[in-house]
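S.K.: How does the following fold in three dimensions:
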Amino acid sequence: MLELTDRDAAGRICKWTVGKHVITTPNICIVVNPNKLTVPIAELKSEFKADILITNSYIIRRSDRLRPLAEAGLHKMLGWNGPIYTDSGTFQMYSQGTVEVGPDEIIDFQKKIGSDIITPLDMFTRPADDLKTAKANLTETVKRIKAARSSVDGSLVGPIQGGRFLDLRKKACKEVAKLNPDVFAIGGIVPFMEQYRYRELADIILTCKNELPSHTPIHAFGAGHPMVFAFLASLGCDIFDSAMYSLAAERGAYLTVSGTRQLSELKEFPCSCPLCSHSEPKNILALPEAERKSWLARHNLYATFEELRTVRQAIRENSLWELVQERARAHPALLEALIFALKNHSKILLRLDSASKKSALMWSGSETALRPEVVRARASLKSMKAKGVVKKEPFGSVPAALMHVYPFGQSVTPDAPKFKLAKPEDVVRTTVRYQYGSELKTKCLNIEVSRMTGMIRRVWKGKALLGTIRPHDGFFLPTMEGAKLIKMKKVVINDADAAKYVSDGRSLFAKFVSKAEDIVPGEEVAVYHKKDIIAVGSAQLSGKEMKEMKRGIAVSVRAS
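M.R.: The predicted structure follows:
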């Protein structure tokens, strides 16, 4: 179960409830192999602040030593009091070419050992598999998820297979969603990442994101390198997992957000984590093998969690696109994938990316012109006719009366133009027209302008306050009186008790929304109880999300 609290791009920060535990996403499930612990499990919590582990039930079941310990209690065996996600062994069977357990057996074993999140034994589809094989694997995977759902009362994973075939991925999303899993895991994507096929990876993830319901977390199965976290989060992934920190250490690899380095090639550490800031590569290379691998695994964990925190903070600050553009320079294939995603999946990104942001749009390369904020702004300008335009790239010709409105006035781009301030009434009317696609239906306006800043503060009709201009983005925020003079998008609730709650000026929660138009997060909307307007406020969710989410605020009410 998810509750969305912050957002940017298609990324989101959510409270993910797993049993009695609440985890902040985006987050990573740290892979632990009980047969080979490079970092003690207790350290994962105390030192690295890990929230959730993932371990392989197939590996545990095969071990004569581990199986009885796990059957006595997986949490006890690992010494972990947080949630534990168990994998079924699908990838191991694929990579090793062996099948030693059936789908029912592995589900029963995960239940028996007390897993918090159970994964069915899905059929791994390789990128090279043909359509016939991919179809057969998908059919069997859905069959196994259905059987698992009937026997698992707790949290169940719904793997999304389909290989490189997008139509099969769409079908998988629809079929698996009907089974109501607690996590959607996009499977079969590790080979795409290993081969730097990021464009195809983005195509798969955004295709699935567009089809899947928004109230359930999306897990990018096997994604664990910090260089891809920002990109995958911007496409809508909530959960990552990987043994990358440990596997990389085994081969002497040192993880960074710009790629993987070999410890043997480093003269200095490009990192200030607690390990790197107190050592030099030559000293680590001189350690015994086991100590060297353990040191590397710990550094790799520091790099992993630092990037996750960076991504979450970027979402909170509405600077995720800037972070993604910076990280995309780590590899040409990653930059190619970003440009491809912005061009070819504009529709879903426009639906999920906020209409207004807390931070300015920063020019970070030519792909900035493809970002949803720019595409939306250019599309809105096409329907407008106004005098006194200013040429500002990447937006084109912008009415001077809009140069205080996001994103035109809140953007840092090369060759920023000079312009003459428009008259206050032109600013108000043009802003309303741009923001709502509607005229402000009154001839007489009294406009209050700040003596100190010259910025518009309030708009009146006689003694009736119609609205205010919000300082940080220049948006016109109507009062109830002003809302009657503008055509605003509607959110409808039918519940009488909820309507009274909202009428008292309190926020509208998603679970009470019965209808919502094609709303973009951050837009100003009108809340209706049946046919009567009862409040106005800022949309926190898209229209689709309002109808699907079970928790969280749909509209932050400002006036009622």
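
S.K.: Please count neighbours and contacts with C-alpha atoms only from this point.
M.R.: Noted.

S.K.: and residue 188, how many neighbours?
M.R.: Residue crowding around residue 188 was assessed by other CA atoms under 10 Å; the count is 24.

S.K.: Kindly report the same for residue 384.
M.R.: The local packing count at residue 384 equals 13, with neighbours defined by other CA under 10 Å.

S.K.: roughly how far apart are it and residue 85?
M.R.: Note on residue 384: its distance to residue 85, by CA to CA, to the nearest Å, is 52 Å.

S.K.: With residue 507 instead?
M.R.: Plainly put, residue 507 is 34 Å away from residue 85 if you go by CA to CA.

S.K.: Looking at these two, which is more packed in?
M.R.: Set side by side, residue 507 and residue 85 show unequal neighbour counts under other CA under 10 Å, the larger going to residue 85 at 26 against 21.

S.K.: Okay, and the beta partners of that one?
M.R.: When bridges are assigned using DSSP bridges, the partners listed for residue 85 are residue 54, residue 117.

S.K.: ok, now which ones touch it?
M.R.: Contacts for residue 85 (CA atoms under 8 Å, 6 or more residues apart in numbering) come out as 29, 52, 53, 54, 55, 115, 116, 117, 118.

S.K.: Output those residues in TSV, with pLDDT appended to each entry.
M.R.: Converted to TSV, these look like this (pLDDT from 0 to 100):
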residue	pLDDT
29	97
52	97
53	97
54	97
55	96
115	97
116	97
117	98
118	97
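
S.K.: which residues sit against the helix or strand containing residue 16?
M.R.: In this structure, residue 16 sits in strand 11-18 according to DSSP states H and E. The set of residues external to strand 11-18 that reach it, using CA under 8 Å, 6+ apart, is 1-7, 22-26, 83, 116, 155, 217, 233-238, 312, 315-316.

S.K.: now swap in stretch 426-437 and tell me
M.R.: The contact list for stretch 426-437, computed with CA under 8 Å, 6+ apart, reads 380-381, 384, 401-402, 405, 438-440, 475-476, 486-488.

S.K.: Next, work out how far apart the residue nearest to residue 448 when sequence neighbours are not counted and residue 241 are.
M.R.: Spatial nearest neighbour of residue 448, excluding adjacent residues (CA to CA, 6 or more residues apart in numbering): residue 458 at 5.1 Å. Using CA to CA, one gets 50 Å for the distance from residue 458 to residue 241.

S.K.: How about residue 168?
M.R.: According to CA to CA, residue 168 stands 24 Å off from residue 241.

S.K.: before we move on, what about residue 62?
M.R.: From residue 62 over to residue 241 the distance is 22 Å, taken as CA to CA.

S.K.: The two: which is more packed in?
M.R.: Set side by side, residue 62 and residue 241 give different neighbour counts by other CA under 10 Å, the larger being at residue 241 (20 against 12).

S.K.: what about the strands in the stretch 401-550 of the chain?
M.R.: Under the criterion DSSP state E, counting those that start in this stretch, strands of the stretch 401-550 of the chain are mapped to 411-412, 446-449, 456-461, 464-469, 476-478, 489-493, 508-509, 515-516, 524-529, 532-539.
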